[in-house]
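Enquirer: sequence first, predicted coordinates after that:
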Amino acid sequence: MSFDERFDVIVIGAGHAGCEAASASARLGGETGLITLNLDLVGQMSCNPAIGGIAKGHLVREIDALGGIMGRVIDRTGIQFRLLNRSRGPAVQSPRAQADRLRYRSEMRRTLEATSNLHLRQGKVVDFILDQGRLAGVELEDGRRFGATAVVVATGTFLNGLIHTGRRTYRGGRAGEPAAVELSEALKRLGFPVGRLKTGTPPRLDGRTIDWEMFEPQPGDKVPVPFSFSTDRLEQKQINCYIGYTTPEVHDAIRENISQSPLYSGTIKGVGPRYCPSIEDKVVKFSDKSRHQLFLEPEGHDTNEVYLNGFSTSLPAELQQELVRMIPGLDEARVIRPGYAIEYDFVDPRELGPDLQAARLPGLFHAGQLNGTTGYEEAACQGLVAGINAALYTQKRESIRLRREESYIGVLIEDLIKQGVDEPYRIFTSRAEYRLALRYDNADERLQRYGRELGLVGDSDWERFNSRQARLARLRTALDETRLRRADAQHAAMSALLQADLGDTITLAQLAKRPRVNAELITSLLPGDLKPVSESDLNSVLADSLYEGYLQTQKSTIAKLYQHDTLRIPREMSFGNISGLSNEVVERLDRARPQTFGEARRLPGLTPAALSTLLVFLSLQQKAV
């Protein structure tokens, strides 16, 4: 076959999934081609100009620990940083940042262009090229043909995208950009089951026409928490966001015009995100509420554009302008860009293995909204895993597969490939059974060794990691060994402060678990040779201490659950020869070709009885050897 260019890995799409995939593949040594419709929009924030949030911030921290780039880029371009859920337990606290949309995009492209082995190409992929049934490359609309051993599809909402604003419907992958109709048809020809989902975006306003005095300021944190473990401190100027509310008059106007919404006229067939409903949905489904909260989020330092978070809509553009002006403080506001809904194709993620590779066509990897997820962070973590595994596939190296008890990324991927989706999937802390161990602050401790082994974590970051682990170890020892005895003045002071009898002796670790004891108090009691102590280091150690009993129980449970997971399954295994397995189970095993019992255990449709039969067979085989 003749090709215009050859790569090891091709990544289709330069959104958040595609950027992580291309960066990882290239840094693992694979000659990587990143193909996108418009090179000026690499890393574009199509919707909310923000990174992180509840559980989403955990994903970004995990991406960073593995050697990904999202955390570094947002740290350089963020304009407001907040740690959410500060009043709750450390396991559910999560960082979030508003981004300067233009600077984020610019910094992402700069980062990619500075990456060795990475080649950016502008064009529209319309088909896959097969050679005797094997993936060989891609074909572009302009006739170019690029060869590759592996391809990562990270097309976002562009697959057969259809934009809705009122009764106006037109093709597009994003406002002002064409849809990828041909590529969707190519996936269907290969036999992939394709469904439809929907998402939406709110209008953007001209900040010069807003009466800011009518809204409640929401400042960033005084001491902002960065996303990347390589960022020592955040020093850029932060700006305020603002909180506002809809009114009963707005709700009445929406109800009167609900027939003009494609959501309620029957025009839209795709299922939308449950946890980010449109304003029409909120008014209809929560009719008892007289108002809904809105967030006015500036899109950058050098623009007047403001994102009206909480007002996602597909109503006609002229009606959006009227509704906006019914909100107190927006009486004179002008809409710069109207909101819209977009329907797009996705592929059933149950087609994929834990490495995000399609069993139907080896060498083809799927990432992001193509798999039915919603959100930049969900897309980016999939892109990272897909890009890593695509590069490893071309190098004939074993893939990386993250387990759900060690990462939110593992939770997300296992949920997708085992359960599939019937609505856009969003990560939450509640999805993780072992969330007490999966804190945002310990993502490096959980995952950085993988990034180092792969080669994505460089020497300076690895040295920084080991230095931090050494500091944490010293702090843990100090908390366990520093005691307050009844004869000590500090013991009496603590007893009086807490209004409790602390016994004859108490360690700082024990004291830290008591109500009303905070990090500042513990710091005052630490030995002098440990001061000054980093607030983030101390908070991590105190969280470990707080959850110690629960974590020990979890470790014991996990050990029992996975005690047979490393049992290898021979590549040449004929599952049909195992007596007691149904034809359906044999078909699932033959299709997935699991390499270990743990992989087989996580396959959908395998009953406990079938797994027991397989385990007995593998154990006997191992003894025979």
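Expert: Perfect, I can see it now.
Enquirer: phi, psi of Tyr242?
Expert: In terms of degrees, to the nearest 10, the main-chain angles of Tyr242 are phi -140, psi 150.
Enquirer: was I right about it contacting Gln293?
Expert: No - between Tyr242 and Gln293 there is no contact under CB atoms under 8 Å: 11.3 Å. (Glycine included, C-beta is placed from N, CA and C.)
Enquirer: got the residue ranges for the strands in the stretch 501-625 of the chain?
Expert: 505-507 (DSSP state E, counting those that start in this stretch).
Enquirer: now do the stretch 1-150 of the chain
Expert: 5-6, 9-12, 32-36, 50-52, 78-84, 94-99, 118-122, 125-131, 134-140, 145-147, 150-153.
Enquirer: before we move on, the earlier item: neighbour count winner among Tyr242 and Gln293?
Expert: Comparing Tyr242 with Gln293 by other CB atoms under 10 Å, the one with more neighbours is Tyr242, at 18 against 12.
Enquirer: packing partners for the strand or helix carrying Asp252?
Expert: Element membership of Asp252, judged by DSSP states H and E, is helix 248-256. On a contact count with 3 or more CB pairs under 8 Å, 6 or more residues apart in numbering; DSSP states H and E, helix 248-256 meets helix 279-285, helix 317-324.
Enquirer: Arg486 is nearest to which of those helices?
Expert: helix 279-285 (58.2 Å; CB to CB).
Enquirer: after the closest one, which helix or strand is next? Please name it.
Expert: Next along the chain from helix 279-285, counting by DSSP H and E, comes strand 293-298.
Enquirer: following element in sequence after that next one, please.
Expert: Immediately after strand 293-298, counting by DSSP H and E, sits strand 305-309.
Enquirer: okay, now the nearest residue to Ile336 once chain neighbours are set aside: neighbour count?
Expert: Using CB to CB, 6 or more residues apart in numbering and skipping residues adjacent in sequence, the residue nearest Ile336 is Arg204, 4.7 Å away. Using other CB under 10 Å, the number of residues around Arg204 comes to 20.
Enquirer: was I right to think Arg204 contacts Arg334?
Expert: No - between Arg204 and Arg334 there is no contact under CB under 8 Å: 10.0 Å.
Enquirer: which of the helices and strands packed on helix 248-256 has the lowest mean pLDDT?
Expert: Mean pLDDT is lowest for helix 279-285 out of the helices and strands packed on helix 248-256, coming in at a mean of 93.
Enquirer: what about Gly53, distance to Phe311?
Expert: Distance, Gly53 to Phe311, by CB to CB, to the nearest Å: 18 Å.
Enquirer: and the two? which has more neighbours close in?
Expert: Taking other CB under 10 Å, Gly53 and Phe311 do not tie; Phe311 has more neighbours (26 against 22).
Enquirer: ok, now which ones touch the nearest residue to the more buried one once chain neighbours are set aside?
Expert: Counting by CB to CB, 6+ apart, Phe311 lies nearest to Pro202, which is 4.2 Å off, once chain neighbours are set aside. Contacts for Pro202 (CB atoms under 8 Å, 6 or more residues apart in numbering) come out as 279, 307-313, 339.
Enquirer: among these, which one has the most neighbours?
Expert: Result: Thr313 is most packed of the contacts of Pro202 (other CB under 10 Å), 29 neighbours.
Enquirer: what number of residues lie near the residue lying closest to Gly123 once chain neighbours are set aside?
Expert: With sequence-adjacent residues excluded and distances taken as CB to CB, 6+ apart, Gly123 is closest to Leu140, at 4.3 Å. Neighbour count of Leu140, defined by other CB under 10 Å: 17.
Enquirer: in the sheet, who's paired with Leu140?
Expert: Counting by DSSP bridges, Leu140 is bridged to Val125.
Enquirer: gap between it and Ala21?
Expert: 18 Å.
Enquirer: which non-adjacent residue is nearest Val194?
Expert: Asp345 (5.0 Å).
Enquirer: wait, the one you found touches Arg196, no?
Expert: Yes - using CB under 8 Å, Asp345 is in contact with Arg196, at 6.3 Å.
Enquirer: settle it for me: which of the two has more neighbours?
Expert: Taking other CB under 10 Å, Asp345 and Arg196 do not tie; Asp345 has more neighbours (27 against 15).
Enquirer: pull the helix or strand with minimum mean pLDDT from the chain.
Expert: Taking mean pLDDT, DSSP states H and E as the measure, the helix or strand of the chain with the lowest value is helix 548-561, at a mean of 78.
Enquirer: buried sites along that one?
Expert: Using 16 or more other CB atoms under 10 Å as the test for burial, helix 548-561 gives 554, 558.
Enquirer: C-alpha coordinates for that helix, CSV please?
Expert: Written as CSV, here are the backbone C-alpha positions of helix 548-561 (Å, rounded to 0.1, in the frame of the first residue of the first chain):
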residue,chain,number,x,y,z
GLU,A,548,-6.8,4.4,58.7
GLY,A,549,-9.3,1.9,60.1
TYR,A,550,-11.5,2.0,57.0
LEU,A,551,-8.5,1.7,54.7
GLN,A,552,-7.2,-1.4,56.5
THR,A,553,-10.6,-3.1,56.1
GLN,A,554,-10.7,-2.1,52.4
LYS,A,555,-7.2,-3.5,51.8
SER,A,556,-8.2,-6.8,53.3
THR,A,557,-11.4,-7.0,51.2
ILE,A,558,-9.5,-6.2,48.0
ALA,A,559,-6.9,-8.8,48.8
LYS,A,560,-9.5,-11.5,49.1
LEU,A,561,-11.4,-10.3,46.0
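Enquirer: what's that helix in contact with?
Expert: By CB under 8 Å, 6+ apart, helix 548-561 touches 405, 434, 436-437, 544.
Enquirer: filter those residues to the buried ones?
Expert: 405, 434, 436-437, 544.
Enquirer: for burial, what's the neighbour tally of Leu614?
Expert: 24.
Enquirer: swap in the one 4 residues further on?
Expert: Leu618 is flanked by 20 other residues according to other CB under 10 Å.
Enquirer: residue contacts, the closest residue to it other than its chain neighbours?
Expert: Nearest residue to Leu618, sequence neighbours excluded (CB to CB, 6+ apart): Leu567, at 5.3 Å. For Leu567, the contact set (CB under 8 Å, 6+ apart) comprises 596-598, 615, 618-619, 622.
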